[in-house]
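Colleague: coords please:
(one chain, ligands or ions: 1)
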Amino acid sequence: MKLSVLGPAGTFTDAAAKAYLKTQPGTTVTLDYHPTFDQVYQAVCRDNLGLLPLENQLDGYVSATLQRLQTADVTEIGEVTIPVNFGLVANVANLNQIKRIYVQFKTEGQCQNLLSQLPSVQIMTTSSNMISLEKFQTGEIGDAAIVPQSEMSGLQFPLMKNHVADQDDNNTRFIIFKNQPANLDELSKQPLDTNHFKAPLFVTPSFNDQPGTLYEILGYFAKAKLNLITLMSLPTKTELGVYSFYIEVSGTRDQQEEIFATLTELASLYHVHLLGFYAV
Ligand SMILES: O=C(O)C(=O)C[C@]1(C(=O)O)C=C[C@@H](O)C=C1
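Modeller: Numbering: from 1, shown residues only. Prediction:
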């Protein structure tokens, strides 16, 4: 089986994949690296898996992942959270000699304190932290890059700063998914191998510009005593002002019947796009 992640090797998705695989002994998996989120996503075919970041403690949800999930025919089968930190490398001796800096698009929001010290430096946005490193290594004098902290010990450059994320306590949550639509009936019978589950889904009302729509949707979860851990609205892109709600429900094994009864009831009233039901 292949597990597609963001490459080259050394990205946080790579680290997250390795952490996830440790929890799955007995499965033989080859890591398959791609340079962009889109290519990771496209590479996931029927029997293979993909892993992408969903949420960062400092910079919030990864909209590049959420937007794909919104319309994707995938089933999330698990998640993994790992600590994330960064280092700065530059081929000049001082911060004030840096002219351009390579930064992955989600990393930028996690290193604001450092970047605010470089107001006139050109930010070169990349798709992966290891591509930032590659670009830097083949770049020009005056270049810098923000790279995974784990890479720093193997590097030697005139300017190196460790732990440049805005705070050391920083984590990113990743999802593992397969290319198959999540099936409500099948998942309702799926046994859980821990006592807790998560169920991510999108709910799209056919007409949401009226009082109380969201209140009504949330009411079904409240009535069933199901705990919501995420609630976000995302544009459906069909028309300006038409939104769908991204919801993550958590619960315990004894609530399995309750959650599927709730989802079935909701699906009779709204468009429900279930993304998975997995043990956490
Ligand atoms: O570029 C990487 O190293 C990644 O694995 C991607 C990614 C992300 O997009 O969220 C993963 C974790 C960090 O939050 C920063 C970057």
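
Colleague: From here on, just use CA atoms for contacts and neighbour counts.
Modeller: Fine.

Colleague: So which bits of the stretch 101-250 of the chain are right by the ligand?
Modeller: Gln104, Lys106, Thr107, Ser128, Asn129, Thr172 (Cα under 6 Å from any ligand atom).

Colleague: For burial, what's the neighbour tally of the third one?
Modeller: Right, Thr107. 24 (other Cα atoms under 10 Å).

Colleague: cool, the second one as well?
Modeller: As a burial measure, Lys106 scores 23 neighbours (other Cα under 10 Å).

Colleague: residue ranges with poor pLDDT in the protein?
Modeller: For the chain, the stretches flagged by pLDDT under 70 are 208-209.

Colleague: Per the annotation, how does it divide into domains?
Modeller: 1-83+169-181, 86-164, 182-280 (automatic domain parsing).

Colleague: Start and end of the second one, how far apart?
Modeller: The straight-line separation of the ends of domain 86-164 (Cα to Cα, to the nearest Å) is 5 Å.

Colleague: now do the longest one
Modeller: Start to finish, the residues bounding domain 182-280 are 17 Å apart (Cα to Cα).

Colleague: Give me the subset of the residues of the stretch 101-250 of the chain next to the ligand lying in strands.
Modeller: If you go by DSSP state E, those have Gln104, Thr172 in strands.

Colleague: got the residues of the stretch 101-250 of the chain next to the ligand as TSV, with distance to Thr204 columns?
Modeller: Formatted as TSV, those follow (distance: Cα to Cα, whole Å):
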residue	distance to Thr204
Gln104	31
Lys106	27
Thr107	31
Ser128	32
Asn129	34
Thr172	27
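
Colleague: which among the residues of the stretch 101-250 of the chain next to the ligand gets closest to His34?
Modeller: Ser128 (9.5 Å; Cα to Cα).

Colleague: Can you tell me which residue of the stretch 151-280 of the chain sits closest to the ligand?
Modeller: Thr172 (5.3 Å; Cα to the nearest ligand atom).

Colleague: What about that residue, how many residues nearby?
Modeller: 23.

Colleague: Quick check: it vs Lys225, distance?
Modeller: 28 Å.

Colleague: Also Leu192?
Modeller: 19 Å.

Colleague: Which one's more surrounded, the two?
Modeller: Leu192 (16 against 13).

Colleague: pretty sure that one is touching Gln256, no?
Modeller: No. Here Leu192 lies out of contact with Gln256, judged by Cα atoms under 8 Å, at a distance of 9.1 Å.

Colleague: all strands in the stretch 1-150 of the chain, in order from the N-terminus.
Modeller: With strands called from DSSP state E, counting those that start in this stretch, the stretch 1-150 of the chain shows them at 2-6, 30-34, 49-56, 60-61, 75-83, 86-90, 100-104, 122-126, 143-148.

Colleague: Not counting the last one itself, show me its contacts.
Modeller: Residues external to strand 143-148 that are found in contact with it (Cα atoms under 8 Å, 6 or more residues apart in numbering): 10-12, 84-92, 98-104, 107, 129-130, 132-133, 136.

Colleague: And the strands in the stretch 151-280 of the chain?
Modeller: Under DSSP E, counting those that start in this stretch, the stretch 151-280 of the chain gives strands at 159-161, 171-178, 196-204, 227-235, 243-252, 271-274, 278-279.

Colleague: Packing partners of the fifth one?
Modeller: What it means is strand 243-252. strand 196-204, strand 227-235 (3 or more Cα pairs under 8 Å, 6 or more residues apart in numbering; DSSP states H and E).

Colleague: quick one on the thing from earlier: dump the strands of the stretch 151-280 of the chain into CSV; add distance to Gln24 as well.
Modeller: Listed next are the strands of the stretch 151-280 of the chain as CSV, based on distance: least, Cα to Cα, whole Å:
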stretch, distance to Gln24
strand 159-161, 35
strand 171-178, 12
strand 196-204, 17
strand 227-235, 25
strand 243-252, 21
strand 271-274, 24
strand 278-279, 13
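
Colleague: follow-up on the earlier one: make JSON lines out of the strands of the stretch 1-150 of the chain and add mean neighbour count.
Modeller: Output for these, formatted as JSON lines (neighbours: other Cα atoms under 10 Å):
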{"stretch": "strand 2-6", "mean neighbour count": "27"}
{"stretch": "strand 30-34", "mean neighbour count": "18"}
{"stretch": "strand 49-56", "mean neighbour count": "24"}
{"stretch": "strand 60-61", "mean neighbour count": "15"}
{"stretch": "strand 75-83", "mean neighbour count": "20"}
{"stretch": "strand 86-90", "mean neighbour count": "24"}
{"stretch": "strand 100-104", "mean neighbour count": "24"}
{"stretch": "strand 122-126", "mean neighbour count": "17"}
{"stretch": "strand 143-148", "mean neighbour count": "28"}
